[in-house]
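> Give me coordinates for this.
(one chain, ligands or ions: 2)
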Amino acid sequence: MSNRKIEVLSRPDASKARSRLNERKVVRSDIQIDPSLEVYKGKSFYIKTYGCQGNVRDSETFAGIFKAMGMVETEDPKEATIVLLNTCAVRENAEEKVYGEIGKFKDRQKADSSFALVVAGCVMQEEGIGEKLMTSYPQVSLVIGTHNINELPECLASYVKGRRPLMSVYSKAGEVVESLPVSRSDPYKAYVDISYGCDKFCTYCIVPYTRGRERSRDLKDIVKECQDLYLNDYQEVTLLGQNVNSYGKDLKDTSFAELLDKVAEIGIPRIRYLTSHPWDFNDEMIRAMKRHPNIMKWIHLPLQSGSTKVLKEMGRRYSKEEYLALVEKIRTEIPEIELSTDIIVGFPGETEEDFLETIEVVKKVGFDSAFTFIYSPRPGTPAAAREDQVPEEIKHERFNRLVKAVEEGVSASSERMVGKTYEVLVDGPSKRDKAILSGYTEGNKLVNFPGPEYLKGCLVRVKIKESHTYSLLGELDEDPVLAKAKQVASFLKRDPSAKEFISHTKELKDDLSFRENLSLLSKAQKAVALSRSEAEHHKAVEELKGLQDLIDNDPRYANREALKEEVEGLLRETEAILK
Ligand code: 5AD
Ligand code: SF4
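Ligands and ions are numbered 1, 2, ... in the order given. The predicted structure follows:
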């Protein structure tokens, strides 16, 4: 479609993307929905997200904007009038996947003239790609960059009016845009951006170009977002930044440790953060983690390579010894800490000896979990221009050996958990089996266990029975009603006017063998006491015995009087708060 008319408002420029001269500026967005967008009211949108948590959070903003336009979300792309692909450029295959995905929407405009395909995210920040997409794929309506998500409604309105594909991608990034709408994808776990962009310029990485200059959000805006999440029953917040440790370096008088203090004090049960750069992981952060039990004792600390020579060429600013010393220090200060990491194999010039050093560090540290990657040359990055690229077969062969070494450590870490009890935040029933719940431990390990669906969003104690490399199998180690009652009580403490109380208590009352059996038991006792004839007495005693056996043989009721009091106490407390 070479004669296809396209409108380019702005296009990415690598030299501007590299520049760090632009000033940091906070902008409060005021989304305006143009009347031309009425055509989408009541229609469905579908978003597909690739890549990191930052993209997941951006997609929640896109969803918030579509909902502000009166649209509803669908999980079926075939139903959607607007499809948005939020792309990732970190590795090559992620990019290839997008081309495949675009192909699926080939003739959609013919069937529905209001259909629009929006392509957004990091791949669109690469030079030339947006235009190539718009000219070679007629189904692409709009290409939008990572710095102007807030302009989606304006761009869509121009597209609707002009009916020609439109592209708007800025290269320079100085702005921190606040007050954008958001539609969160999970009711209990949330991502909160604390900074955007990255100034580290690791030589393999495209992020400093696609996401631009590192800029922090104001502390008060982050705290406000977390307070809102707290009031809305959120159990876990993950603070996001390419380098959380350098949070606040562009602001006056604040630091990541101070931010951790402020966020932890709000009272959300679980706080995590992603990603830490080993170079500026400081003692203040360790102290902040120790001060607050609700900061999870889990750190994602990318190693990238175990060879000091390769690390230097990657521009990572630490040596193998410094990384190991940092791990040692963290483990001494916080013995229960769990560590995860990112590792790349096949960086240009990586020799067998360099690779063996990576394996050595992996074995020494014994990571609790790890993401492993094959080096992928990214256009415009210094490492991609090197002539000493490692041949594909060698990269793959090293990758397989790395995965094996990593899995040994991960398996050992999972095996150590068997027989112990951990607190798990329940994500909900697993996809494969409704009766099985899944969730994550403090150390971010996936646990599956049988349990009732109403525990979604609760923190429950689970005893680990079996370990597999990437997941664990367990069983509930507390009464589910009690766990739910605790969650309801803590929720009502956060927001005494909470309307959801009604639905929570209903769930509790509709359940459950526990409360039901106790009340049946007391009824049966009464029946025995009140029986008038021999036959009536005999029948009542049999019923009572049956119930007694049922309750006595169920280990959950071993401590039933105490449990009953605790549940009723919590319910009284919650009702008092409501009044
Ligand atoms: N090739 C392979 N892996 C990469 N990563 C970043 N850039 C590349 C690349 N060009 C990995 C790093 C980073 C993670 C998010 O992705 O390990 O920590
Ligand atoms: Fe990329 Fe390095 Fe920045 Fe991480 S720290 S986003 S790997 S440049």
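> quick one: the strands in the stretch 51-200 of the chain?
72-73, 82-87, 116-121, 140-144, 166-168, 175-178, 189-193, 195-196 (DSSP state E, counting those that start in this stretch).
> Now tabulate these in TSV and tack on distance to ligand 1.
The C-beta positions use only the backbone N, C-alpha and C, and glycine is treated the same way. Below are these laid out as TSV (distance: least, Cβ to the nearest ligand atom, whole Å):
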stretch	distance to ligand 1
strand 72-73	27
strand 82-87	15
strand 116-121	14
strand 140-144	23
strand 166-168	25
strand 175-178	22
strand 189-193	15
strand 195-196	16
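> out of these, nearest to ligand 2?
Closest of those to ligand 2 is strand 195-196, at 11.1 Å (criterion: Cβ to the nearest ligand atom).
> Including mean neighbour count and mean pLDDT, could the strands of the stretch 51-200 of the chain go into JSON lines?
Formatted as JSON lines, the strands of the stretch 51-200 of the chain follow (neighbours: other Cβ atoms under 10 Å; pLDDT from 0 to 100):
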{"stretch": "strand 72-73", "mean neighbour count": "14", "mean pLDDT": "97"}
{"stretch": "strand 82-87", "mean neighbour count": "25", "mean pLDDT": "97"}
{"stretch": "strand 116-121", "mean neighbour count": "25", "mean pLDDT": "96"}
{"stretch": "strand 140-144", "mean neighbour count": "25", "mean pLDDT": "95"}
{"stretch": "strand 166-168", "mean neighbour count": "23", "mean pLDDT": "92"}
{"stretch": "strand 175-178", "mean neighbour count": "18", "mean pLDDT": "90"}
{"stretch": "strand 189-193", "mean neighbour count": "21", "mean pLDDT": "97"}
{"stretch": "strand 195-196", "mean neighbour count": "24", "mean pLDDT": "95"}
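> contacting residues around the residue in the stretch 401-550 of the chain positioned nearest to ligand 1?
Ligand 1 sits closest to L402 of the stretch 401-550 of the chain, with a gap of 12.0 Å, by Cβ to the nearest ligand atom. Residues in contact with L402 (Cβ atoms under 8 Å, 6 or more residues apart in numbering) are I343, V345, F355, T358, I359, V362, T372.
> Select from the residues you listed every entry located in helices.
F355, T358, I359, V362 (DSSP state H).
> which one of those is nearest ligand 1?
Nearest to ligand 1 among those: T358, at 12.0 Å, using Cβ to the nearest ligand atom.
> Who are the contact partners of that closest one?
Shown in contact with T358 (Cβ under 8 Å, 6+ apart): L303, S305, G306, S307, I343, V345, L402.
> Checking E466 next. Helix, strand or coil?
Using DSSP: H, G, I helix; E, B strand; the rest coil, the structure places E466 in strand.
> Would you confirm that it contacts E475?
No. Contact criterion Cβ atoms under 8 Å: E466 and E475 do not qualify, at 10.1 Å.
> interface residues of the stretch 101-250 of the chain facing ligand 1?
With Cβ under 6 Å from any ligand atom as the criterion, the stretch 101-250 of the chain meets ligand 1 at residues Y204, C205.
> residue ranges with poor pLDDT in the stretch 101-250 of the chain?
Judged against pLDDT under 70, the stretch 101-250 of the chain has no low-scoring part.
> same question, the chain
In the predicted model of the chain, residues 1-4, 496-532, 544, 547-548, 550-564, 566-568, 570-579 satisfy pLDDT under 70.
> can you list the domain ranges for it.
Here the domain parsing of the chain from automatic domain parsing is 7-172, 177-405, 421-486, 495-578.
> Which among these is found nearest to A412?
The closest of the domains of the chain to A412 is domain 177-405. By Cβ to Cβ, the value is 6.3 Å.
> quick one: that closest one to chain centroid distance?
With Cα atoms, centre = their mean, to the nearest Å as the basis, domain 177-405 stands 14 Å off its chain's centre.
> Just the terminal-to-terminal distance for that domain.
Taking Cα to Cα, to the nearest Å, domain 177-405 runs 43 Å from one end to the other.
> Fine by me, thanks again.
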